[in-house]
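[1] make a model of this:
(one chain, ligands or ions: 2)
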Amino acid sequence: MSTSTNSGDPYGPVTQWLAKLPKAELHLHIDGSLRAPRLLELAAKHTVPLPYKTVEEVEAAYNFQDLQSFLDLYYLGASVLRDADDFYLLMQDYLAVCRRQGIVHCEIMVEPQTYEPQGVALATVLEGFSRAIREAEEGWQQSVGLILSFLRHLPEADCLATLTAADPYREHFVAIGLASAEKDFPPANFQNLYRAAKERGYALTAHAGEEGPAAFIRDALSLLKVQRIDHGVRSVEDDALLTELASSRVPLTVCPLSNVRLCVYEHMAEHRILELLDRGLCVMVNSDDPAYFGGDLLENFAAMERDLGMTRDQGLQLVRNSFEAAFVADEKRRDFLAQLEKHLDDHPG
Ligand code: ADE
Ligand code: ZN
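    Ligands and ions are numbered 1, 2, ... in the order given. Here you go, the predicted model:
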């Protein structure tokens, strides 16, 4: 297992220790794992014109002022994905990261509306993804859940149409989610979508309190009835909400490097994740869009160790929380937690 960061620096001792633990990652947009070399390869394959010719030129564009400036590049990047082999390679690349970083269970956001302008059908997307997932499940017992994620800058009626179009593929997904531009697109706009998804038996999560206010977290909980919040870091602005989140243990899937790259915080040293953890909230660490934000799960832990002084106990609690928050049956959750405890027993000190 690699113990180096992308920049070639060795991980700190806490992150090196965490690297060997079995972990879950619950907040990962598959399109956000499309790295520059693969992006350019697929653009050339399908002759998709891009304003970038080299890996260096693509990576030079990873310089975001806010969520929207990132989303513009993210959707352009995803537009090179056209056939089942492309989706297979994309998923294979991310699942290889899981294997290298000890992520034994991952929950991955898939956004069919992103591919619709290119005329790519959900059947094509899932054909490629399923092939890569099957290989990882059979090859090294990788556990994978897919989240059907909707784009909130589009009308609710479009989201409902996509939900209905996904009915024949219901068994591929564990949950629905809600992503994309947050500020002008509040949870209240999506109550029919979440009601319809609940009737279909999906687990429910939504991005809230990333750029949007703490009130959006409250609304996602009360109006959409979500069981989990993606990001949720702006909960720090509402002390009563923090108390409620600590007692309910509704999880927040926090993404530290993402928050810094999208200017929610100016510097990692200002990030509040460890305060949330120490206050008893069920927070854990995720990479969100690792190709664009400077690293995968372990690079997030490494940055927290370096800039926030994360201890081993805090890191371990974050890993335990990742399994507590997973959309899996309780028996499977117990198996993951037992796997974690066995690793700790077998590797004391
Ligand atoms: N889609 C991909 N990454 C996202 C983020 N950080 N926030 C909202 N939507 C996203
Ligand atoms: Zn996200």
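[2] spell out which parts of the stretch 51-200 of the chain neighbour ligand 1.
    Where the stretch 51-200 of the chain comes near ligand 1, counting by CB under 6 Å from any ligand atom, the residues are L67, Y74, A179, S180. Every residue, glycine included, has its C-beta placed from N, CA and C.
[3] how many other residues sit next to the closest residue to ligand 1 within the stretch 1-150 of the chain?
    As assessed by CB to the nearest ligand atom, ligand 1 sits closest to H29 within the stretch 1-150 of the chain, at 4.2 Å. A total of 27 residues lie near H29 under the criterion other CB atoms under 10 Å.
[4] also E275?
    Using other CB under 10 Å, the number of residues around E275 comes to 13.
[5] who's in contact with it?
    The neighbours of E275, taking CB atoms under 8 Å, 6 or more residues apart in numbering as the test, are V236.
[6] how near is it to Q314?
    Going from E275 to Q314 by CB to CB, to the nearest Å gives 11 Å.
[7] ditto for E156
    Between E156 and Q314 the computed distance is 39 Å (CB to CB).
[8] got it, and G12?
    13 Å.
[9] do the same with L252
    Taken as CB to CB, the span from L252 to Q314 is 15 Å.
[10] higher neighbour count, the two?
    L252 (27 against 18).
[11] what's the distance between that one and F185?
    Taken as CB to CB, the spacing of L252 relative to F185 amounts to 20 Å.
[12] tell me what the residue in the stretch 51-200 of the chain that ligand 1 sits nearest to is bridged to.
    Nearest residue of the stretch 51-200 of the chain to ligand 1: A179, at 3.6 Å (CB to the nearest ligand atom). Using DSSP bridges, the beta-bridge partners of A179 come out as L151.
[13] which residues sit against the host helix or strand of L160?
    Secondary-structure element containing L160, defined by DSSP states H and E: helix 156-165. When contacts are taken as CB under 8 Å, 6+ apart, the neighbours of helix 156-165 outside the stretch itself are 112-113, 116, 122, 148, 150-152, 176, 189-190, 192-193, 196-197, 200.
[14] show the buried residues in those.
    Neighbour counting with 16 or more other CB atoms under 10 Å marks 112-113, 116, 122, 148, 150-152, 176, 189-190, 193, 196-197 as buried within these.
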